[in-house]
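Undergrad: Structure of the sequence below:
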Amino acid sequence: MTVTGKDHVYVGLDCGRREYMISSQMVQDYADAVQDHYPWYFGSSPFGGPVAPALIRHSEMFVDRRWYLPNIYGNLHAKQEWELFAPIRIGEHITAHSLVVDRYLKRGRDYVVNEVLLLGDDGRVCARSRSHQSFLRDDVTSGTVIGKEREKETGRRFEVGQGPVLETLASLMKEVGPEMCMRFSGPGKNYHTDREEAVKLGFPEVVVQGMMPICFLSELMTRRFGEGWYCGGKMTVNLVNILWMGETVSVCGVIKELTLEGSHQRAHLEIWCQKVDGTVITVGSASAVVA
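TA: Residues are numbered from 1 along each chain as shown. Presented below is the predicted three-dimensional model:
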């Protein structure tokens, strides 16, 4: 039986397998796109040579979009989960497999969850991600869906870094300009790179792709935990406000708790990105192994 429209997206929908060779150029492109030039990407590392950034295939879920609902007007990346198990070496061939693992309704929007599993050339599981994409339930095709004023509303303000803190991580600052957006989400015109395309989908300005600040958070965790992030790192982040092109964000994290994990400890963190006026755009939790 052939199904069309919203009914064609269901839990278990297979979105295919793809194979890649993780080249030094791919790593360089990633590093330039998010301004993350961590030395392990280009030289020696504890893993016996250079390794790719932990989120090297950050947008793999968008390569095959058969899991998208028909009306993409006003669609948004709402939540992202990552689990990291092993590093990916430069020059390694990997396999990516994606499928729909959940679909639900929340606050007037239809959510679809796509899971991507990344496998190394020896069959080991390197990473698993789950992307929650939200779609308007009604067939809205015109007007501004979300304006810049929304983030000033009381319900869009979030308190972060509250309560007891064991350690405050050294924060990062990122200014997201047009070149950065094009490197990350280009080379074509879309609502992550071009204002006219953004307006066509109901936004007043270029919407920075949701995976970009999540990559910033991965850099924060990499710099603090190193091997403990690559081998056992976890992150669940809600994208609560939109980052618009041209804005600057600080990337922050605090360790809230340490728990035993075998002969090691696991650090549990609150992580977030916020604009210079204090507007939080992403907020969630992360953890990593501490030697």
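Undergrad: Only C-alpha atoms, please: export stretch 251-261 in PDB.
TA: As requested, the backbone C-alpha atoms of stretch 251-261 are provided in PDB (Å, rounded to 0.1, in the frame of the first residue of the first chain):
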ATOM      1  CA  VAL A 251      29.000  28.600  25.300                       C
ATOM      2  CA  CYS A 252      28.900  27.600  28.900                       C
ATOM      3  CA  GLY A 253      28.800  24.600  31.200                       C
ATOM      4  CA  VAL A 254      29.000  23.800  34.900                       C
ATOM      5  CA  ILE A 255      29.700  20.500  36.600                       C
ATOM      6  CA  LYS A 256      26.800  19.800  39.000                       C
ATOM      7  CA  GLU A 257      27.600  16.300  40.300                       C
ATOM      8  CA  LEU A 258      30.200  13.400  40.100                       C
ATOM      9  CA  THR A 259      29.100   9.800  40.300                       C
ATOM     10  CA  LEU A 260      31.100   6.500  40.300                       C
ATOM     11  CA  GLU A 261      31.300   4.600  37.000                       C
END
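Undergrad: Can you pull up the most central residue in the chain?
TA: Geometric centre of the chain, nearest residue: Met211, 3.2 Å, by C-alpha atoms, centre = their mean.
Undergrad: Look up the closest residue to that residue, ignoring the ones flanking it.
TA: Nearest-residue entry for Met211: His58, 4.6 Å, with adjacent residues in sequence omitted and distances by C-beta to C-beta, 6 or more residues apart in numbering. C-beta: built from backbone N, CA, C; applies to glycine.
Undergrad: Would you agree that neighbour is in contact with Cys215?
TA: Yes - between His58 and Cys215 there is a contact under C-beta atoms under 8 Å: 5.5 Å.
Undergrad: what's across from the closest residue to Ile214 other than its chain neighbours in the sheet?
TA: With C-beta to C-beta, 6+ apart as the criterion, Ile214 has its nearest non-adjacent residue at 5.3 Å, and that residue is Gln80. Per DSSP bridges, residues listed as beta-bridge partners of Gln80: Ser131, Val237.
Undergrad: Roughly how far does Gln80 sit from Asn241?
TA: From Gln80 across to Asn241, the span is 15 Å (C-beta to C-beta, to the nearest Å).
Undergrad: can you check Glu19 too?
TA: The span separating Glu19 from Asn241 equals 36 Å under the rule C-beta to C-beta.
Undergrad: And those two? Which one has more around it.
TA: Counting neighbours by other C-beta atoms under 10 Å for Glu19 and for Asn241 shows that Asn241 has the greater number, 23 against 10.
Undergrad: So the more buried one: helix, strand or coil?
TA: Look at Asn241: counting by DSSP: H, G, I helix; E, B strand; the rest coil, its state is coil.
Undergrad: Would you mind measuring from Val165 to Tyr230?
TA: Here Val165 is placed at a distance of 24 Å from Tyr230 (C-beta to C-beta).
Undergrad: same question, Ser142
TA: Ser142 sits 45 Å away from Tyr230, going by C-beta to C-beta.
Undergrad: neighbour-wise, which of those two wins?
TA: Set side by side, Ser142 and Tyr230 give different neighbour counts by other C-beta under 10 Å, the larger being at Tyr230 (27 against 8).
Undergrad: what sits against the closest residue to the more buried one other than its chain neighbours?
TA: Counting by C-beta to C-beta, 6+ apart, Tyr230 lies nearest to Pro87, which is 4.6 Å off, once chain neighbours are set aside. Neighbour list for Pro87: Ser45, Phe47, Val51, Ala52, Ala54, Cys126, Tyr230, Cys231 [criterion: C-beta atoms under 8 Å, 6 or more residues apart in numbering].
Undergrad: Out of those residues, which is nearest to Gly108?
TA: Ranking these by separation from Gly108, with C-beta to C-beta as the measure, puts Ala54 on top at 34.2 Å.
Undergrad: How much space separates the closest one from Val27?
TA: Counting by C-beta to C-beta, the gap between Ala54 and Val27 amounts to 12 Å.
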